[in-house]
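Engineer: Next comes the sequence, and after it the predicted model I'd like to discuss.
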Amino acid sequence: MKKTSSSNKGAKVDRRKFLTGVAVAGAAAVTTDAKSAILPNGEPTPERVPSAVRPSTQFAQAQISTPTVTDAHAGHPGLTHGKPGSDYMLDCIKAVNIDYIFTNPASSCRGLHESIITYGDNKKPELLTVMHEESGTAMAHGYFKVTGKPAISLAHGTVGLQHAAMAIYNAWCDRAPVIMMIGNSLDANQRRPGVPTTHSVQDPAAMVRDFIKWDDQPTSLTHFGESMMRAYRIAMTPPYEPVLLVLDEDLQEHGVPEFPRIPKMAMPSPPAGDPNAVREVARLLVNAENPVIVADRACRSQAGVNSLVQLCELLNATLVDQGGRMNFPNMHPLYARGAAPVTQADVILGLELNDFFGTVNEFIDSAEAQQEPRTKQGAKLISITAVDLYMKSNFQDIQRYQPVDISIAADSEATIPSLIEAVKMEMTPARRAVADKRGQAAKEAYAKSKDRTRADASAQAWDASPVSSVRLIAELWPLIKNEDWALVGRNLGNWPTRLWDFKQHHQAIGGSGGAGVGYNLPAAVGAALGHKQMGRLPINIQPDGDCMYAPGALWTLAHHQIPLLTIMNNNRAYHQEVMHLQRMSLWRERRMDRWHIATKIDNPNVSFAKLADSMGVAGIGPIDNPADLAPALKRGIDIVKRGEPVLIDLVMQPR
């Protein structure tokens, strides 16, 4: 029960100091004698009381005081009567098989926090400490893209949710089912004065409701149980999106005689395409002279990749992978990059395209903002996407409206198997011969393109100092190609997909979705956590400016012993913005010698190796001589294979 002594009335309480003080007070009030651990019904609970529960001497002495329960409550015993509500909340979370909860600790979540670490023994779910709510949410985002399982980001009230907002928006745009939870105190009569009241809000979700799929603020434990099941179902039904549950402080902290029953949950099947529409799509594809399939966030599993390969091989259709996920093996003869195949297609099938308009139209970034169609006259356009089942109007992640000839509102991965069967039914011997001819041409073109790519790589500033992008990617490949590797960070100038052999769905996770800077490093941490379970070698090519948004993610790596090879793309500037300024100066015919203002990250240069060392991550560098690159990469890989994180500070060319 919440009580406030007269001596504390009106006190201003910092959320982190407040939680720390309460933790020490609570620990000091518990004796090490297991016989004193008594439930309200009089039964001892030795299994809930470790043999040494008092705080360490060093930690206890760091506090101003260690009040007893009696001191804090002016004679009232201050014990929870019955079963703590947050224990039931944890039982519900366990029921949906959540592995991890990323959190920056706070008083409004202290009930659930204590339940996780004591009642739940900090196992499945396990709490991971993060230095910023945006980072914790991005970690949950990255974790999902590797494992296919949602994680929880637990934040504090108004301020925690505002910190997390950018990462929530990235997850929204990237169709990632992060489960957000925040603490809040709705009842003014129960709120503590000062900061706890300042951090409370009547409608927390209003701040992010335009870019979450669903939210609720349960007012009872029964309500919470139902909402937890609903939140999981909604988040994990395509289109995947973030959801938000608001946890009332009193509901967490008060006790009840008995817990409600945990609701049963059955997951709905992903929505598949209408059979008649699928058959019509199959007819168009089979009878096309040059069918092209464009995929963005089409595949969420290896099974999806395998199905897409089967469909493309059946048609010998070119596959353009836009890279929202790992959709297709990049060394397959039918794999293509860029917009060139779209210009020659007579039928274009878009699978979970974020921007169909931008796929079939060319926009030239000029003073006149020129745009023109990419497609040839009469080309048929087909869309299969679950995004049509759920979208909102305010934020323009839905991009421009693109008219199409057939639109199927369904999950593409769930629809491809039926499309394969429909294509088989439509395929005649004559059309098989046409498809086989396309396939042979694709194999011949692929063989030539491989030679050109190798030649391009060797000609791209190989000996330049600072180090070029292509030198990094080419030097790294021989060191990882025989490992179970995965790229969890930036696809540097598309050189990895040009030089490395991507075969498995887990080997690439795509971008941030919303292009919010500060995503790459924490998302790589979350992805590396997913790979840790499988013993893989995760590789993060890390933009320097992005790291400076949330460097505390490095501490989480070290603290939770998550192996990750981070290679800092240290070009000492926000170079995309450099190019924007140069372009504006060119349009306006102005001087071009001031582009460095508010874009460079130098004077002083950031020592990322020292930054990593300061947070417990092995730091190597800075390195600007290409001759030193391969030895540093080998050393870094050896460290990761020992189960530790490492950061290589690599000074690189601007682009």
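Structural biologist: Thanks, I have it. Numbering: from 1, shown residues only.
Engineer: Give me the nearest residue to His505, chain neighbours excluded.
Structural biologist: Of all residues not flanking His505 in the chain, Gln302 sits nearest, at 4.4 Å (C-beta to C-beta, 6 or more residues apart in numbering). For every residue, glycine as well, the C-beta is placed using N, CA and C.
Engineer: okay, now the one you found: neighbour count?
Structural biologist: For Gln302, the count of nearby residues is 14 (other C-beta atoms under 10 Å).
Engineer: Pull the contacting residues for it.
Structural biologist: 504-506 (C-beta atoms under 8 Å, 6 or more residues apart in numbering).
Engineer: Phi and psi next, for Leu244.
Structural biologist: Phi and psi for Leu244, reported as degrees, to the nearest 10, are phi -140, psi 130.
Engineer: Helices of the stretch 101-250 of the chain, start to end?
Structural biologist: For the stretch 101-250 of the chain, the helices defined by DSSP state H, counting those that start in this stretch cover 110-114, 133-147, 157-173, 195-198, 221-235, 249-253.
Engineer: What residues sit buried inside the third one?
Structural biologist: By 16 or more other C-beta atoms under 10 Å, the buried positions in helix 157-173 come out as 157-161, 163-173.
Engineer: The stretch 401-550 of the chain: helices as residue ranges?
Structural biologist: 412-426, 429-459, 469-480, 495-499, 520-532, 544-549.
Engineer: Indicate which one of those helices is closest to Val342.
Structural biologist: helix 429-459 (15.6 Å; C-beta to C-beta).
Engineer: Tell me which residues touch Asn491, please.
Structural biologist: 323, 497, 508, 511, 541.
Engineer: in the stretch 451-600 of the chain, which ranges drop under the pLDDT threshold?
Structural biologist: Counting by pLDDT under 70, the stretch 451-600 of the chain has low-confidence residues at 454-455, 458-459.
Engineer: Distance check, the residue most central in space within the chain against Val617.
Structural biologist: When C-alpha atoms, centre = their mean is applied to the chain, the residue found nearest the centroid is His141 (2.0 Å). His141 is 21 Å from Val617, where distance means C-beta to C-beta, to the nearest Å.
Engineer: which of the contacts of Gln302 lies closest to Ile567?
Structural biologist: Using C-beta to C-beta, His506 is the member of these that lies nearest Ile567, at 19.1 Å.
Engineer: from memory that closest one sits against His531, does it?
Structural biologist: Yes: using C-beta atoms under 8 Å, His506 is in contact with His531, at 7.3 Å.
Engineer: Now do the shared contacts for those two.
Structural biologist: Any residue near both His506 and His531 by C-beta under 8 Å, 6+ apart counts here, and that gives 146, 486.
Engineer: So which of the contacts of Asn491 is surrounded by the most neighbours?
Structural biologist: Neighbour-wise, these (other C-beta under 10 Å) top out at Ile541, 26 neighbours.
Engineer: now stretch 642-655, how far from the centre of its chain.
Structural biologist: 21 Å (C-alpha atoms, centre = their mean, to the nearest Å).
Engineer: And for stretch 389-400?
Structural biologist: Relative to the chain's own centre, stretch 389-400 is displaced by 20 Å; criterion: C-alpha atoms, centre = their mean.
Engineer: For that stretch, could you pull out the residues that count as buried?
Structural biologist: Along stretch 389-400, these residues count as buried under the neighbour rule (16+ other C-beta under 10 Å): Asp397.
Engineer: CA-only coordinates of that stretch, as CSV, when you get a sec.
Structural biologist: Only the C-alpha atoms of stretch 389-400 are listed here, as CSV (Å, rounded to 0.1, in the frame of the first residue of the first chain):
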residue,chain,number,x,y,z
LEU,A,389,-5.0,-4.1,-43.6
TYR,A,390,-3.8,-1.5,-41.1
MET,A,391,-2.4,2.0,-41.5
LYS,A,392,-2.9,5.5,-40.1
SER,A,393,-3.1,8.9,-41.6
ASN,A,394,-0.8,11.2,-39.7
PHE,A,395,2.7,10.0,-40.2
GLN,A,396,3.5,9.5,-43.9
ASP,A,397,5.4,6.3,-43.7
ILE,A,398,2.8,4.9,-46.1
GLN,A,399,4.5,7.0,-48.9
ARG,A,400,2.7,8.2,-52.0
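Engineer: contact partners of that stretch?
Structural biologist: For stretch 389-400, contacts defined as C-beta under 8 Å, 6+ apart pick out 169, 172-173, 210-211, 213, 238-239, 241, 271, 354-358, 361, 387, 409-410, 513-514.
Engineer: Can you tell me which of those residues are buried?
Structural biologist: 169, 172-173, 211, 213, 238-239, 241, 271, 354-356, 358, 361, 387, 409-410, 513-514.
Engineer: number of nearby residues for Arg588?
Structural biologist: Using other C-beta under 10 Å, Arg588 has 9 other residues around it.
Engineer: now it: how far from Asp346?
Structural biologist: From Arg588 across to Asp346, the span is 42 Å (C-beta to C-beta).
Engineer: same deal with Val467?
Structural biologist: Per C-beta to C-beta, Val467 is found 44 Å from Asp346.
Engineer: So those two - more neighbours on which side?
Structural biologist: Using other C-beta under 10 Å as the criterion, Val467 and Asp346 rank with Val467 on top: 26 against 17.
Engineer: Contacts made by stretch 329-343 with the rest, please.
Structural biologist: With C-beta under 8 Å, 6+ apart as the test, stretch 329-343 has contacts from 292, 294, 305, 309, 312-313, 316-321, 328, 348, 359-360, 362, 374-376, 439, 442-443, 445-446, 494, 497-498, 500-503.
Engineer: just to revisit the earlier point, CSV for the helices of the stretch 401-550 of the chain, including distance to Ile98?
Structural biologist: Output for the helices of the stretch 401-550 of the chain, formatted as CSV (distance: least, C-beta to C-beta, whole Å):
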stretch, distance to Ile98
helix 412-426, 23
helix 429-459, 43
helix 469-480, 31
helix 495-499, 32
helix 520-532, 13
helix 544-549, 27
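Engineer: Just say which of these is most tucked in.
Structural biologist: Neighbour counts (mean count of other C-beta atoms under 10 Å) averaged over each of the helices of the stretch 401-550 of the chain peak at helix 520-532, with a mean of 29.
Engineer: so where's this structure uncertain?
Structural biologist: The model of the chain has pLDDT under 70 over residues 1-78, 454-455, 458-459.
Engineer: Pro271 reaches Ser412, doesn't it?
Structural biologist: No: Pro271 lies out of contact with Ser412 (C-beta under 8 Å); the separation is 10.3 Å.
Engineer: what sits in contact with each of these two?
Structural biologist: Both Pro271 and Ser412 are contacted by Ala386, under the criterion C-beta under 8 Å, 6+ apart.
Engineer: Need the nearest residue in space to Met236, chain neighbours excluded.
Structural biologist: Excluding the flanking residues, the one nearest Met236 by C-beta to C-beta, 6+ apart is Pro177, at 5.4 Å.
Engineer: what's near enough to touch that neighbour?
Structural biologist: 144, 150, 171, 235-236, 240-243.
Engineer: So which of these is surrounded by the most neighbours?
Structural biologist: Counting neighbours by other C-beta under 10 Å, Ala171 leads the contacts of Pro177 with 34 neighbours.
Engineer: Where do the helices of the stretch 251-400 of the chain begin and end?
Structural biologist: Going by DSSP H, counting those that start in this stretch, the stretch 251-400 of the chain shows helices at 275-286, 302-315, 340-344, 356-360.
Engineer: neighbours around Ala206, how many?
Structural biologist: 11.
Engineer: Please apply the same query to Ser301.
Structural biologist: Neighbour number of Ser301 under other C-beta under 10 Å is 13.
Engineer: I'd assumed His505 was in contact with it.
Structural biologist: Yes: if you go by C-beta under 8 Å, Ser301 and His505 touch, sitting 5.9 Å apart.
Engineer: I'd like the distance between the residue nearest to Asp355 when sequence neighbours are not counted and Gln371.
Structural biologist: Leaving out its chain neighbours, the residue that sits closest to Asp355 by C-beta to C-beta, 6+ apart is Gln399, at 4.2 Å. Using C-beta to C-beta, one gets 13 Å for the distance from Gln399 to Gln371.
Engineer: Please apply the same query to Ala515.
Structural biologist: In terms of C-beta to C-beta, Ala515 sits 20 Å off from Gln371.
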